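# Let's see this in three dimensions:
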Amino acid sequence: MTPKLDEQAHGVYIISATPFTDDGALDLESADSLTDFYLEQGVSGMTILGMMGEAPKLTEDESLQFMRRVLARVNGRVPVVVGVSHASHQHVQRLSHTAMELGAAGVMLAPVANLKTDDQISQYYLSVAEKLGADVPLCLQDFPQSTGVHTSVAVILRLIEALPQLVMLKHEDLPGLRKLTQVRKQSVARDLRRISILVGNGGLFLPQEMRRGADGAMTGFAYPEMLVQVCALFEAGKPEEAENLFDIYLPLLRHEFQFGIGLALRKETLRRRGIIRSAAVRQPGPLLDGDDMRELGELIARLEMKLQQSTR
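Predicted coordinates:
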């Protein structure tokens, strides 16, 4: 039986892409090879059906197919968190309970759009948590660049106190370093539980976030081995070595972080690495042109050259 997600979660919970064929159909064979690849890179866990996983573009049946396939492939080797964000409480409840029955470790939930006040945001999570029940571990996704909802430190602390099943914060506010520090310091000041904090935004600020109290990353950079190694070096008390390794990958990481086109770049990189068969992004979505392809190829080539030089 897969252990449930808890406050001690750390390392890299890779955000999985959802592979499609060139004509936009769900590609479950590539889902297998992608899952195998992530596990081979030493990730601590996986997160599926997130925003980067194009979950809103999947039918409910496709979401269930993909979830079943990945959970069966992982087979309990690492915890799998399932994204369940949706405008309907009933949909969130149904998908969450199905995920847990199939072996998920927990679920990740972003707030619905148009929540404006602290009380509205708090009440949203409290009402959903009541439907899910105390046995479903919850990761709160704080991603205002996408949702338009700004979850304050006060709300996060209020929910930690009110919801024992809230065990993880996916932190990707921008700018967010000070917010991360405030969550950690104010939790201590108020004698609250220390929950796991994993960071997103492609890992672009990972070294600084680790120094400020993050436990790892929950993001989908196409070179997950770097994320794994950087987090392991920080955990081993070698922050300078972690920073040096991170710097080698930074140009490609920064390039992949571009809003609007980043997912297409990430999928194309995974395709070039032989992990998935097609880089298709389900429409509507970004398409790469010839210049985009050339730039990506040049950055990958430079990365490979730097990696070779670093091992001499």
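# Pull out the buried residues from stretch 146-155.
Using 16 or more other Cβ atoms under 10 Å as the test for burial, stretch 146-155 gives 147, 149, 151, 152, 153, 155. Where C-beta positions appear, they are placed from N, C-alpha and C, glycine not excepted.
# And the spatially closest residue to residue 102 that is not a sequence neighbour, its phi and psi?
Excluding the flanking residues, the one nearest residue 102 by Cβ to Cβ, 6 or more residues apart in numbering is residue 71, at 5.0 Å. Note on residue 71: its backbone torsions stand at phi -60, psi -40 [degrees, to the nearest 10].
# got any ranges where the chain has weak pLDDT?
Counting by pLDDT under 70, the chain has low-confidence residues at 1.
# which residues in it form helices?
Under the criterion DSSP state H, the chain contains helices at 28-40, 60-74, 89-101, 118-132, 144-147, 153-162, 177-189, 206-211, 224-235, 239-256, 262-272, 290-310.
# ok so, going back, check the burial of the residue nearest to residue 102 by counting its neighbours.
Residue 71 is flanked by 21 other residues according to other Cβ atoms under 10 Å.
# do the same with residue 40
10.
# tell me the contacts of it?
Not one residue lies near residue 40 by Cβ atoms under 8 Å, 6 or more residues apart in numbering.
# again with residue 227
Applying Cβ under 8 Å, 6+ apart, the residues near residue 227 are 12, 14, 203, 206, 217, 219, 221.
# Over to residue 267?
17, 19, 276, 279, 280, 281.
# So of the residues you listed, which two are at opposite extremes in space?
Greatest spatial distance among the contacts of residue 267 (Cβ to Cβ): 276 and 281, at 11.7 Å.
# quick one: the residue nearest to residue 102 and residue 103 touch, right?
Yes. Applying Cβ atoms under 8 Å as the test, residue 71 and residue 103 come out as touching, 4.9 Å apart.
# overlap in contacts of those two?
Going by Cβ under 8 Å, 6+ apart, residues that sit against residue 71 and also against residue 103 are residue 80.
# any idea how far residue 65 lies from residue 71?
Distance of residue 65 to residue 71, computed by Cβ to Cβ, to the nearest Å: 11 Å.
# now do residue 270
Counting by Cβ to Cβ, the gap from residue 270 to residue 71 is 20 Å.
# ok, how many other residues are close to residue 164?
13.
# contacting residues around it?
Contacts of residue 164 (Cβ under 8 Å, 6+ apart): 134, 193.
# any idea how far it is from residue 188?
For residue 164, the distance to residue 188 - Cβ to Cβ - is 18 Å.
# TSV please, covering the contacts of residue 227 and showing distance to residue 52 and neighbour count.
Formatted as TSV, the contacts of residue 227 follow (distance: Cβ to Cβ, whole Å; neighbours: other Cβ atoms under 10 Å):
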residue	distance to residue 52	neighbour count
12	14	30
14	10	27
203	12	28
206	16	27
217	13	33
219	8	26
221	10	24
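# Including distance to residue 116, could those residues go into CSV?
Listed next are those as CSV, based on distance: Cβ to Cβ, whole Å:
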residue, distance to residue 116
12, 34
14, 33
203, 30
206, 31
217, 30
219, 27
221, 32
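# Quick check: the farthest pair among the residues you listed?
14 and 206, at 13.2 Å, using Cβ to Cβ across those.
# ok, the closest residue to residue 186 other than its chain neighbours to residue 85 distance?
Once flanking residues are discounted, residue 186 sits nearest to residue 157: 5.9 Å by Cβ to Cβ, 6+ apart. According to Cβ to Cβ, residue 157 and residue 85 sit 22 Å apart.
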